[in-house]
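A.B. asks: Okay, here's the prediction I keep looking at, along with the sequence it came from:
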Amino acid sequence: MAGNLRAWQRKALTKYLAEKPKDFLAVATPGAGKTTFALRVATELLGNRTVDRIIVVVPTEHLKVQWAASAARVGISLDPHFSNAGVINPEFQGVVVTYAQVAMHPYKHYQLSTAKRTLVIMDEIHHGGDAKSWGDGMRTAYCDAERRLALTGTPFRSDDSAIPFVRYEDDGEGYLKSKADHTYGYSDALADGVVRPVVFLAYSGEARWRDSAGEEFAARLGEPLNAEQTARAWKTALDPRGDWIPAVLQAAHTRLMQLRQNMPDAGGLVIATDKTTARAYARILESLSSTPVSVILSDEEGASDRIKEFDGNTDEWMVAVRMVSEGVDVPRLAVGVYATSASTPLFFAQAIGRFVRSRMPGETASVFLPSVPVLLDLASRMETQRDHVLGKPDRVKEGWDDELLTEANKKKSEPDALLKPYESIGADAELDSLIYDGSTYGTATLAGSEEEADYLGLPGLLDAEQMRQLLKQRQAEQVEARAQEDKKRKEVEENARNSAGNKAAAERVASDEIPALRKELNALVSITSSRTGRPHGAIHTEARNACGGPPTALCTADQLRERINYLRRW
């Protein structure tokens, strides 16, 4: 009955067949095999004549073809090209449709789901809460279906829209929480070797921009800022005309080349915000890559075919907008660059899910991202299982809201036509830290440095314990090297002051050592963060408040020394 299935799939299938439920919600981490489980249920129900028709509902057009192909491999024929204007071809056992199709003509789909005894498989069921019309259409179309099987890898949402056909129960705190019939989380899959572990490489740096009044600002990625400041600094870093994104893409490419030593077909994916930046990122990658760079845009014809083509070749990079957020299976993706300002737990989990599919023991994935508190928090909680809670949206609870960030990035109507709109000036890139298995490693180092190269050169095949030990070793070596640099620098400074005998020489030495002092300060902040669990930005802010002075990028050598001494005393 359950041969060739993973343990969690066998357990869920046994439970389903024993209970014979009308509704069943299976929550399984991306890459765990939800499609395989659902098709096995469909095979069983068709075989025992519980149902005579299969309808699969998916969020995107690309997934219609992917589901039909997967069904064909187990002997189920589904039509991925069914339209609302047509009828089901009798040569097929069912159809694959999108949530949008159902919402446009729910009574048509009600007729399809009731004309025969039907199993409705709703893939990524959380999309039923995307729009009122989608949810209402699903309820109307499938309220009387014989069986309903709901699947998702990310059941949580950032709003209060109840997901159709999902059971909610009181959580004891006055809220309603979604209740799955079977759950297989990322931590479970990681322990079973079903998915790869992910190493997050967080890059910070000073971002500089000019507002609509022509006033210039500077802020360090990762520092606690308000929504508008965060949006400006974040967007400035992602600007392809600056220095931050080229440096991060170079680092990601270096990492990909390292992984391809053990995985020759390993691929990289840049997740972009819009088609303009996607094409600009592709041009940067073309100067680095030895193979063509694919650009996948959701609103362009043939996007699904280009994803399929990339999956089947050994090219190094593709850049995509929205097309690979969920459900798209490209197992060879091993390096990602999170170059978008989207920051809901739902989108983040779906995006990272593109890199976790395991093909061989010891594989790891590497994801490069901006050192922004909300993303660092999501990265550190990758293994946390969440549910959809009505009345307490996750984003509001955490104090972040993508709508605020989006609004902050919009150009306002200016009362004076002579005022300049928002303009990014530039941003520097620094490897801030690495996050693995919920822990933070490393100390800040400049992009292109030998220290960064040490981390980018981590072996591509390591088990979880080997990865932890190696990261601890690299961090210890980095801290020791910083201590030696500090000792030598102090000796040089003392000799210069003793031999020069004048203020000009001392000032020249102080000016020369500013970059090194910044590195030392960032290293101390990183160490303090790893010991206390506090964000880097919060520690920078406390040191600045205690010692006074401007942002780190504008500090003199004496101001930097004062903050370093403050943190050492702390």
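C.D. replies: Looks like it came in fine.

A.B. asks: Break down the stretch 151-300 of the chain into its strands, ranges please.
C.D. replies: Assignment of strands within the stretch 151-300 of the chain using DSSP state E, counting those that start in this stretch yields the ranges 167-170, 176-179, 182-184, 198-204, 206-210, 216-220, 267-272, 293-297.

A.B. asks: Now do the first one: distance to the chain's middle.
C.D. replies: In other words, strand 167-170. Between the centre of strand 167-170 and the centre of its host chain there is 28 Å, according to Cα atoms, centre = their mean, to the nearest Å.

A.B. asks: quick one: which of the strands of the stretch 151-300 of the chain is nearest Val41?
C.D. replies: With Cβ to Cβ as the measure, strand 182-184 is the member of the strands of the stretch 151-300 of the chain nearest Val41 (11.3 Å). Placement of C-beta: from N, CA and C, glycine included.

A.B. asks: name the helices or strands packed onto the closest one?
C.D. replies: With contacts taken as 3 or more Cβ pairs under 8 Å, 6 or more residues apart in numbering; DSSP states H and E, strand 182-184 sits against helix 7-19, strand 23-28.

A.B. asks: mind putting these in a markdown table, mean pLDDT and distance to Ala191 included?
C.D. replies: Written out in a markdown table, the entries for the helices and strands packed on strand 182-184 read as follows (pLDDT from 0 to 100; distance: least, Cβ to Cβ, whole Å):
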| stretch | mean pLDDT | distance to Ala191 |
| --- | --- | --- |
| helix 7-19 | 94 | 11 |
| strand 23-28 | 93 | 14 |
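
A.B. asks: so what are the domain limits for the chain?
C.D. replies: Under the assignment automatic domain parsing, the domains of the chain span 7-190, 201-461, 473-569.

A.B. asks: my hunch is that Ala320 is in a strand, does that hold up?
C.D. replies: Yes: counting by DSSP: H, G, I helix; E, B strand; the rest coil, Ala320 is found in a strand.

A.B. asks: That one contacts Gly268, correct?
C.D. replies: No: the pair formed by Ala320 and Gly268 falls short of the contact definition of Cβ atoms under 8 Å, at 11.1 Å.

A.B. asks: ok, the two, which is more surrounded?
C.D. replies: Gly268 (29 against 25; other Cβ atoms under 10 Å).

A.B. asks: show me the contacts for the closest residue to Arg6 other than its chain neighbours.
C.D. replies: Once flanking residues are discounted, Arg6 sits nearest to Gly33: 5.9 Å by Cβ to Cβ, 6 or more residues apart in numbering. Gly33 makes contacts with Arg6, Gln9, Val194, as judged by Cβ atoms under 8 Å, 6 or more residues apart in numbering.

A.B. asks: next one: Arg283
C.D. replies: Arg283 makes contact with Pro240, according to Cβ under 8 Å, 6+ apart.

A.B. asks: What about the nearest residue to Pro30 once chain neighbours are set aside? Give its phi and psi, please.
C.D. replies: Using Cβ to Cβ, 6+ apart and skipping residues adjacent in sequence, the residue nearest Pro30 is Gly353, 2.7 Å away. Phi and psi for Gly353, reported as degrees, to the nearest 10, are phi -60, psi -20.

A.B. asks: What is the burial count for Gly353?
C.D. replies: Residue crowding around Gly353 was assessed by other Cβ under 10 Å; the count is 23.

A.B. asks: pretty sure it contacts Ala28?
C.D. replies: No: the pair formed by Gly353 and Ala28 falls short of the contact definition of Cβ under 8 Å, at 10.7 Å.

A.B. asks: where does the stretch 101-250 of the chain dip in pLDDT?
C.D. replies: Confidence mapping of the stretch 101-250 of the chain against pLDDT under 70 gives the ranges 129-131, 155-160.

A.B. asks: can you map out the helices along it?
C.D. replies: In the stretch 101-250 of the chain, the helices defined using DSSP state H, counting those that start in this stretch lie at 106-115, 132-142, 186-192, 227-238, 244-259.

A.B. asks: which of the contacts of Gly33 tops the neighbour count?
C.D. replies: Gln9 (23 neighbours).

A.B. asks: isn't it right next to Ala38, touching?
C.D. replies: No: at 9.7 Å, Gln9 and Ala38 do not qualify as touching, with contact defined as Cβ under 8 Å.

A.B. asks: Give me the helix or strand of this protein that scores worst on average pLDDT.
C.D. replies: Least confident helix or strand of the chain, by mean pLDDT, DSSP states H and E, is helix 402-409 with a mean of 38.
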